[in-house]
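# dropping the sequence and predicted coords here.
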Amino acid sequence: MLMKQAAADIAPLTGLNEEEVLRLLEVPPQAEMGDAAFPCFALAKSLKKAPAVIATDLATGLQASGIEATPAGPYVNIRFNREKLAPNLLKELGNAAFGKLQLGQGSRVVIDMSSPNIAKPFGIGHLRSTVIGAALYRLYNEAGYTSVSVNHLGDWGTQFGKQIAAYKRWGNDEALQADPIRTSLELYVRFHDEAENDPSLEIEAREWFRKLEQGDDEAQRLWAFFVEVSMKEFNRMYERLNVQFDHTLGESFYNDKMGAVVEELKAKGLLEESEGALVVRLEDENMPPCLIIKKDGTTIYPTRDLATAVYRHEVMKADRLLYVVGGEQKLHFRQVFTVLSRMGHEWSAKCEHIPFGLMRFEGRKMSTRRGKVVFLQEVLDEAVARALQIIQEKNPNLENPQKVAEAVGVGAIVFGDLRNNRLNDVDFSLEDAVSFEGETGPYVQYTHARIQSVLAKAEEAIRVENENTLTNGTIADDVNDTGTTSSSIGDTSWALLKLLGEYPEYLEKAIHRNEPSVIAKYTIDVAQAFNRFYHAERIADASSDVRSFRVALAKRTAERLAYSLHLLGVQAPERM
Ligand code: ARG
């Protein structure tokens, strides 16, 4: 917004239009140099003058219309008129529409997210998918799209044959009800251990899955039981993370929709036999074949994803299909999207895999097979316990410490994930993530809470003054204590105000890159800018002429922090 104003001022003096000037304008490397820098190189040719000469002329021209401009080599540095611009900017920040974009024009973005597997632990990859997906969901809505979230549960596949076979041998209903995931996992691990010496187990498993696919009563009933108990546990996690889904449609939902896809593949001559299985060859695209029907006649993961994509396009009316799934499934999605395109579905170009890197918790990784896993509930509990400890040290009189600790501990995990570039591998340190210092969620939350207490103090100061005014008539010295108003907008408040004004550009960048980290880093920048302001300038006890500006600035800052955290899926407690 400010840069636009600068471009409008400069353009008439250059022969360029405003758009062109805006593209050329830079932010000077040091704040002391000014708010904007215009490089004159691009004008040298048309004006047939050296850039430095142009810069001097341009600066003189701008000065003539009252703009603070100084030539610096081939650049013109411009300093905005803070006193003139600040009130408008502050007002703009208070508008409900500020920060909402119209990039999407209402088009529908279907986001495949979370998608854990029944009877298996909710992995850290699923956590990343959940928090990244939930953040993208909200960001897309902010940018004028209609987001639709789908939890594509892994509730089908040969592993259910194993699960049932193991359950038939060693299963225990009580344990399954009480601790479903751990018990299922134990069954699964035991199955693999014992199957090494007992080949009949694999045969039983295959038989059970076949029965399941054919709708056998007992198989179906057991399967439904596994789904139910797992879902109960997953839902507890979603509640803690405050994540909801528009649709929870597992892979099983597509069982009766795959036939049509297979027929279509056949009709279009895309299916080929390969060692008894049916595949789509993708040599031309330098990929291994995409497996559609296995040797034993059962369908497989890619088959289900083909049917799923068609459903999302046709029934959910998706304009774009995003899949927030770990980077290790890159090939799978390339294959699926390529097969869709070979089928003649032009909309396959609207399918996008949004991959992310691996995350380890203090070096511990996930491995379902061996049973050495990190349980997410435990990670969350540990984060909350640490948060509680810090809160009780910092603020022993806080009301509801448990509730605040939950918001801070869970928020620390979510923020600690989202602040990384999505594609980076992350070695997560709980201690770092929960710390109130550094680039953490709790740091941003703490800054937000600090602003609330500053605001409360300011309100109290104003109340006392008003009382004095009533009793004493007037506050006689309610004039400038700083000489000129120009000093009212110090460097740190100005820097903060400008950063708040730039928020829409950050949102746009986050959407273009599918990167919630852009917003997470933005909240850190804002928190740091506020803390610089807080240390350099008085707020609650400033003289009354500058106080209203600073209080308003603090208020807008708190609102932006709370709202940005909310978009990321992190709460902002009023006190902590
Ligand atoms: N359940 C799968 C897994 O845990 C992830 C599913 C991702 N979504 C999809 N449409 N394939 O690996």
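Now that the structure is in, tell me what you want to look at.

# quick one: the strands in the chain?
Remark: strands assigned in the chain by DSSP state E are 36-39, 68-72, 75-79, 108-112, 146-151, 247-248, 271-274, 277-280, 290-293, 320-324, 351-354, 359-361, 426-428.

# between the third one and strand 68-72, how many degrees?
Per axes from the mean of the first three to the mean of the last three Cα atoms, to 10 degrees, the angle that strand 75-79 makes with strand 68-72 is 150 degrees.

# now strand 75-79: how far from the chain's centre is it?
The chain centroid and the centroid of strand 75-79 are separated by 36 Å under Cα atoms, centre = their mean, to the nearest Å.

# restricting to C-alpha, output it in PDB.
Below are the C-alpha coordinates for strand 75-79, written out as PDB (Å, rounded to 0.1, in the frame of the first residue of the first chain):
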ATOM      1  CA  TYR A  75      19.400   5.100  -6.500                       C
ATOM      2  CA  VAL A  76      16.900   7.600  -5.100                       C
ATOM      3  CA  ASN A  77      16.100   6.900  -1.500                       C
ATOM      4  CA  ILE A  78      12.700   7.900  -0.300                       C
ATOM      5  CA  ARG A  79      11.500   8.500   3.200                       C
END
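
# may I see the buried residues of it?
Buried positions in strand 75-79, judged by neighbour count with 16 or more other Cβ atoms under 10 Å: Tyr75, Val76, Asn77, Ile78. Where C-beta positions appear, they are placed from N, C-alpha and C, glycine not excepted.

# make sure the last one is actually in contact with Met33.
In other words, Ile78. No. Assessed by Cβ atoms under 8 Å, Ile78 is found out of contact with Met33, at 9.5 Å.

# can you tell me how far the nearest residue to Asp425 once chain neighbours are set aside sits from Leu567?
Leaving out its chain neighbours, the residue that sits closest to Asp425 by Cβ to Cβ, 6 or more residues apart in numbering is Gly357, at 4.1 Å. The gap separating Gly357 from Leu567 is 22 Å, by Cβ to Cβ, to the nearest Å.

# more neighbours: those two, which one.
Between Gly357 and Leu567, Leu567 has the larger neighbour count (other Cβ atoms under 10 Å), namely 24 against 16.

# which residues are in contact with the more buried one?
The contact partners of Leu567, taken as Cβ atoms under 8 Å, 6 or more residues apart in numbering, are Ala135, Arg138, Leu139, Glu142, Pro516, Ile519.

# tell me how far the residue in the stretch 251-400 of the chain that the ligand sits nearest to lies from Tyr506.
Going by Cβ to the nearest ligand atom, the ligand is nearest to Val325 of the stretch 251-400 of the chain, at 4.4 Å. Distance of Val325 to Tyr506, computed by Cβ to Cβ: 25 Å.

# more neighbours, the two?
Neighbour count, other Cβ under 10 Å: between Val325 and Tyr506, Val325 has more, with 25 against 19.

# who are the contact partners of that one?
Counting by Cβ under 8 Å, 6+ apart, Val325 has contacts Asp112, Ser115, Gly125, Ser129, Phe333, His353, Ile354, Pro355.

# by pLDDT, give me the weakest of these.
Ranked by pLDDT, those bottom out at Gly125, which has 90.

# isn't it up against Val324?
No. With contact defined as Cβ under 8 Å, Gly125 does not reach Val324; the gap is 10.2 Å.

# any shared contact partners between the two?
Common neighbours of Gly125 and Val324 (Cβ under 8 Å, 6+ apart) are Phe356.

# more neighbours, the two?
Val324 (27 against 20).

# can you pull the contacts of the more buried one?
Ile111, Asp112, Met113, Ser129, Ile132, Gly133, Leu136, Ile354, Phe356.

# how does it look with 7 Å?
Ile111, Asp112, Met113, Ser129, Ile132, Gly133, Leu136, Ile354 (Cβ atoms under 7 Å, 6 or more residues apart in numbering).

# just name the closest of the residues you listed to Glu393, please.
Ile132 (32.1 Å; Cβ to Cβ).

# what distance do you get for the closest one to Lys120?
20 Å.

# same thing with Ala558?
41 Å.

# returning to what we had before: can I get the buried residues of strand 75-79 in a markdown table including pLDDT and distance to the ligand?
What follows is those, written out as a markdown table (pLDDT from 0 to 100; distance: Cβ to the nearest ligand atom, whole Å):
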| residue | pLDDT | distance to the ligand |
| --- | --- | --- |
| Tyr75 | 96 | 50 |
| Val76 | 96 | 52 |
| Asn77 | 96 | 51 |
| Ile78 | 95 | 50 |
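
# enumerate the residues of this structure near the ligand.
Residues of the chain found near the ligand (Cβ under 6 Å from any ligand atom) are Asp112, Ser115, Asn117, His152, Gly154, Asp305, Thr308, Tyr323, Val325.

# buried only: go through the residues you listed for me.
Asp112, Ser115, Asn117, His152, Gly154, Asp305, Thr308, Tyr323, Val325.

# before we move on, the earlier item: same drill for Ile132 and Lys120, tell me which one is more crowded.
Comparing Ile132 with Lys120 by other Cβ under 10 Å, the one with more neighbours is Ile132, at 28 against 18.

# residues touching that one, list them.
Ile132 touches Val324, Phe356, Leu418, Arg422, Pro516, counting by Cβ under 7 Å, 6+ apart.

# count of neighbours near the fourth one?
To tie it back to what came earlier, the one meant is Arg422. Neighbour tally, Arg422, other Cβ under 10 Å: 21.

# how many neighbours does Asn397 have?
Counted with other Cβ under 10 Å, Asn397 comes out at 7.

# that older thread, least reliable of the strands of the chain going by mean pLDDT?
Among the strands of the chain, strand 359-361 scores lowest, at a mean of 84.

# so what secondary structure elements neighbour that strand?
helix 124-142, strand 426-428 (3 or more Cβ pairs under 7 Å, 6 or more residues apart in numbering; DSSP states H and E).

# do you know which of these lies nearest Ala456?
Closest of these to Ala456 is helix 124-142, at 28.8 Å (criterion: Cβ to Cβ).

# and Leu455, how many neighbours does it have?
Leu455, neighbours per other Cβ under 10 Å, totals 16.

# dump the residue contacts of the closest residue to Pro516 other than its chain neighbours.
Once flanking residues are discounted, Pro516 sits nearest to Ala135: 3.7 Å by Cβ to Cβ, 6+ apart. Ala135 makes contacts with Leu418, Pro516, Leu567, Leu568, Gly569, as judged by Cβ under 7 Å, 6+ apart.

# next one, pLDDT for the last one please.
When you say that, I think you mean Gly569. 98.

# do the first one as well
Model confidence at Leu418, given as pLDDT, is 98.

# report the closest residue of the stretch 451-576 of the chain relative to the ligand.
Asn514 (15.6 Å).

# chain neighbours aside, what residue packs nearest to that residue?
Closest to Asn514 by Cβ to Cβ, 6+ apart is Ile354, at 5.1 Å.

# so what's that neighbour up against?
With Cβ under 7 Å, 6+ apart, Ile354 has these contacts: Leu322, Tyr323, Val324, Asn514.

# hmm, 6 Å instead?
Leu322, Val324, Asn514 (Cβ atoms under 6 Å, 6 or more residues apart in numbering).

# and of those residues, the nearest to Ala527?
Out of those, the member with the shortest distance to Ala527 (by Cβ to Cβ) is Asn514, at 23.8 Å.

# per-residue pLDDT, that closest one?
98.

# excluding residues flanking it in the chain, which one is nearest Ala69?
Leu62 (3.8 Å).

# cool, Lys498 as well?
Using Cβ to Cβ, 6+ apart, the nearest residue to Lys498 is Leu2, at 6.6 Å.

# that neighbour: neighbouring residues, count only.
Leu2 has 16 nearby residues by other Cβ under 10 Å.
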